Structures are given as C-alpha cells and as structure tokens.
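Visitor: A structural model of the following input is requested.
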Amino acid sequence: MRPRISVIAFACLIVFPRLALGQPPPPPPPPEREGSAELAFVGTSGNASTQTIGLGGEFIYRPAPWESRLKINYVRNEAEEVVRAQALLLTLRAQRLLRPRLSGYGQYGYQRDRFAGILDRDVVEGGLVFNWIAQARHKLVVDAGVGYANEQRLVGDNLSTATAGGGGLYTLKISDTSQLSEDAHLAASLSESRDWRYANAIALTAKVSAILSLKVSNTVRYLNLPVTGFKNTDAVTAVALVAKF
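Guide: Residues are numbered from 1 along each chain as shown. As a prediction, this is how the structure comes out:
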C-alpha cells in the first residue's frame, strides 16, 4: 500500500500544479485614471462640397470604492454650406461598489438632436450594475435602473415621464492589439407604453501605436414614438482615430 500511496502522491504533486498553471490568470485591475479622445472627419470639394465631423471623449476616475465616468459624443454634417445633421450626447455617471461584483449608480444624460426633432432631453436615473463576466478576454457588465426624463420636442407635445431601463456592455479581446465591443441599452416610459427607445453601438478597435488606435463603429438609435414628421431610426457609421491617455 505504501508504494501505491507514494505514487499517487507523487502524481498529484506533478499534475495539480500543472493544472493550476494552465488556468488563465485573472485580469489586472484597471488604472485609477484613464481617458480617450477620438476624431473622425470626411470632407469633399469640387462638384460636391460636404463635411462630416465626429468628436468623442471619455474620462474615468476610480478612487476606490467609487468610479466616475464622463462620456461625450458629437456629430455634425454639412453639405453645400447647409448643416444637415448635428447631434450631441453627454453622459455623467457615478457608481459605488457595494459587493465584489455589484455596484450602485447614479447617472445624468443629455441629448440634443434637432434633426431628429429633439431640442433637449434630460434624464436622471439610478440603479444597479453587475459585473457578470470578468475574464482576460471576455467582459460583460449589465445594469438596470429607474429614473425621470424630460424631453423638449421640435413638433408636438413634450415628454415628461418616469422611466425604467437596462442593458449591457460586452467586450471581447481579440488579440493584444484589437478588441470588439457592443453597448446595447433599452429605456421605456412608465406612463406611455408606446414611448420606448433602443440604442446599440458596436465598435472594432485596433492599436496602431502605444497611444493611437483606429476605431470602426456603427451606432443605431431607435425611437418607437418619434417626433411627428421624423423617422424613428438614426444610424451613424464612423471611422475614427482614437488617442488614449
């Protein structure tokens, strides 16, 4: 019996460390501060004169157990010296860690898109954030919350209502220099069943240097109850240069 026990113990000493070494290491903690800025520009001249500008930026600050995030996006299109599209989106979020994978958040969002019939939209909300998947290659963060929205419309009645919504952000690390992300969120009015909206943004980012990256993205916004005379779907496809700091 003793030789058999010795062989089994020896095998365990060899096999288990190898199994442990084979497990992927946990992802490193994110930096305390990080930010990015992006620029997309398309211009033509001659027979047709057009300009399209896309600007964006994000700043994250993580003084544990808190995290604050500011995100801005701006798009402007001009053809023959006439502005055809102009949209501004701003999001400010603060969240606090409650448990290892669970956080509570408060958020303010602002939207201005005259060419979709929205003069100003202000949304205040709060809810919970759950880190569902946190691996080296795959990350999935989901959230859900309730809030209040006030929307000033170019035509028709303005909207003022309590809201509920949720969504998720999925990130896939394809390689050391590229990643794919998808951010999808749904928001609905609690007083008007037809008033719900959905936004989906998918992006592929590839590093070209330690600081600069090339980003290809497609964003779709759908309003089930659009402003009178306007379409319910807007889509923006962009190729941008991103600088991270």
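
Visitor: could you pull out the helices in the chain for me?
Guide: Listed in chain order, the helices of the chain (DSSP state H) span residues 2-22.

Visitor: any stretches of it with poor pLDDT?
Guide: Within the chain, the set of residues satisfying pLDDT under 70 comprises 1-27, 48.

Visitor: grab the most central residue of it for me.
Guide: The chain has residue 183 as the residue nearest its centroid, 4.6 Å off, counting by C-alpha atoms, centre = their mean.

Visitor: I'd like to check which residues are in contact with that one.
Guide: Going by C-beta atoms under 8 Å, 6 or more residues apart in numbering, residue 183 touches 167-170, 199-202. For every residue, glycine as well, the C-beta is placed using N, CA and C.

Visitor: how about a cut-off of 7 Å?
Guide: For residue 183, the contact set (C-beta atoms under 7 Å, 6 or more residues apart in numbering) comprises 169, 201.

Visitor: and if you look at residue 61?
Guide: Neighbouring residues of residue 61 by C-beta under 7 Å, 6+ apart: 33, 68.

Visitor: same check, this time on residue 226
Guide: Applying C-beta under 7 Å, 6+ apart to residue 226 gives the contacts 117, 232.

Visitor: number the residues from 55 up from this point.
Guide: Okay, residue one is now 55; in that scheme the one you just asked about reads as residue 280.

Visitor: so how far is residue 195 from residue 130?
Guide: The gap separating residue 130 from residue 195 is 30 Å, by C-beta to C-beta, to the nearest Å.

Visitor: for residue 189, same thing?
Guide: Distance of residue 189 to residue 195, given as C-beta to C-beta: 12 Å.

Visitor: for residue 233, same thing?
Guide: Applying C-beta to C-beta to residue 233 and residue 195 gives a distance of 14 Å.

Visitor: which one's more surrounded, residue 130 and residue 195?
Guide: Neighbours per residue (other C-beta atoms under 10 Å) separate residue 130 from residue 195, with residue 195 holding more: 18 against 15.

Visitor: list the contacts for the more buried one?
Guide: 183, 185-186, 222-223.

Visitor: weed out the non-buried ones from the residues you listed.
Guide: By neighbour count, with 16 or more other C-beta atoms under 10 Å, the contacts of residue 195 hold 183, 222-223 as buried.
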